[in-house]
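Output the structure for:
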Amino acid sequence: MKRVKDKFCLLTNDVETTSIWHNSLRNETGRKVMEEGMPILLDLYEKYNIKSTFFFTGYIAKLYPEIVKMVVPYGHEVASHGMSHKKSDGFDEMPLEKQIKHLKESKALLEDLSGLEVTSFRAPALRVNNATIIALEEAGYITDSSIASQRFDMFMSFGGLQKLNWLTAPRLPYQTSKKSLFKKGDSSITEIPLSACLLPYVGTTMRIFPFLTSIQRKLLSLESKMNGKPIVFDVHPNEFIDESNEKRIINKRSSNPIASFLQDTLRSKLKVKNLGKDGATLYEREIKYFISKQYNFLTVKNYCKLLNN
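Numbers count the residues shown, from 1 in each chain. Predicted coordinates for the structure are as follows:
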């Protein structure tokens, strides 16, 4: 794998039916994502002539097929976010055969809807285990972007024990080991780690801590200038919808009281800050920064091709 000298920014989007306001999966939220959140993102990318990668769950693709089709005319990449965002379908818990089934089904569904080859994957909630690399190769994927190297907030989300591996994962893109996505090796899968600087460089951090994010992006940009590491930002179109007119019920997804407090109560209260149009304004600020620094914007697929050519 060659080292890339130019500066690259990979803007990625996870598309699912998760309601941040209700802390649950909701079909109604999926419709709002399609009708309100996605147009905001697509208009923003068109405004700055940016090609991006959209990771769709199979569930939302089946529920609202048009949500996949709407990105195709813009030249964005269609990628897999698994079949389901249910806690019980986490890739860190599913056995190998079920992972393969989910990956193959998702790939076939998205390719049928978009007419495009699907080769990139990101695990829901970034939950993977040592079987995931085997499943990805078996299902015909080329690129993964589920590892957040040196991200330190793993216990605020599900799969915290496996995510401890983030602490030692390589920061630059790498060919993964045949035994683990967290390590270098000679598998056929290229890992494109998400950007993190203690906290993840994602839409949630951007909305909760805008000032901290402005410092974070400068540090990540300095790193990129020094070693060519791409900026990989992750945002969700559900961050640009507003459901605050609905009565809020925080759904508990864990029976462990400590885990429930961290992953449900505390996290859900923090995550509602700057949802809707305010979130879109903050995201545009991030995009403008990297434009001003003359970054090249690529899809995950095209960046992977650049690395391996």
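
Name the surrounding residues that touch the helix or strand encompassing Met226.
Assigning secondary structure by DSSP states H and E places Met226 in helix 210-227. Identification of contacts with helix 210-227 by Cβ atoms under 8 Å, 6 or more residues apart in numbering yields 3, 7-8, 171-172, 195, 197, 199, 201, 205-206, 229-231, 274, 282, 286, 289-290, 293, 295. For the C-beta atoms, the positions are set from N, CA and C on the backbone; glycine is no exception.

can you pull the buried residues of it?
For helix 210-227, the neighbour count (16 or more other Cβ atoms under 10 Å) marks 210, 213, 216-217, 220-221, 223-224 as buried.

swap in stretch 111-129?
Those would be 111, 113-114, 116, 118-129, for stretch 111-129 by 16+ other Cβ under 10 Å.

Give the buried subset of the contacts of helix 210-227 as a PyMOL selection command.
Provided next is the PyMOL selection string for whichever of the contacts of helix 210-227 are buried by 16+ other Cβ under 10 Å:
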select buried, resi 7+8+172+195+197+199+201+205+206+229+230+231+274+282+286+289+290+295
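
ok, which stretches of the stretch 1-150 of the chain are helices?
27-32, 38-47, 58-63, 66-69, 96-114, 132-139 (DSSP state H, counting those that start in this stretch).

strands paired with the biggest strand by length in the chain, and their directions?
The longest strand of the chain (DSSP state E) is strand 8-15. Paired neighbours of strand 8-15 in the sheet (DSSP bridges): strand 53-56 (parallel), strand 231-235 (parallel), strand 296-297 (parallel).

most packed of the ones you listed?
strand 53-56 (a mean of 27; mean count of other Cβ atoms under 10 Å).

So what touches that strand?
So strand 53-56 is in contact with 10-16, 67-68, 71, 76-81, 110, 120-122, 145, 299-301, going by Cβ under 8 Å, 6+ apart.

show me what contacts the closest residue to Leu10 other than its chain neighbours?
Nearest in space to Leu10, with sequence neighbours left out and distances taken as Cβ to Cβ, 6 or more residues apart in numbering, is Val232 at 4.7 Å. Residues counted as contacts of Val232 (Cβ under 8 Å, 6+ apart) are 10, 12, 145, 192-195, 201.

where's Val232 relative to Tyr303, distance?
Val232 sits 9 Å away from Tyr303, going by Cβ to Cβ, to the nearest Å.

Overlap in contacts, the two.
10, 192.

Just to check, Phe121 is in contact with Val78?
No - in this structure, Phe121 is not within contact of Val78 by Cβ atoms under 8 Å, at 11.6 Å.

quick one: pLDDT of the residue of the chain positioned farthest from its centre?
The centre of the chain is farthest from one residue, Lys247, which by Cα atoms, centre = their mean lies 28.0 Å away. According to the prediction, Lys247 has pLDDT 77.
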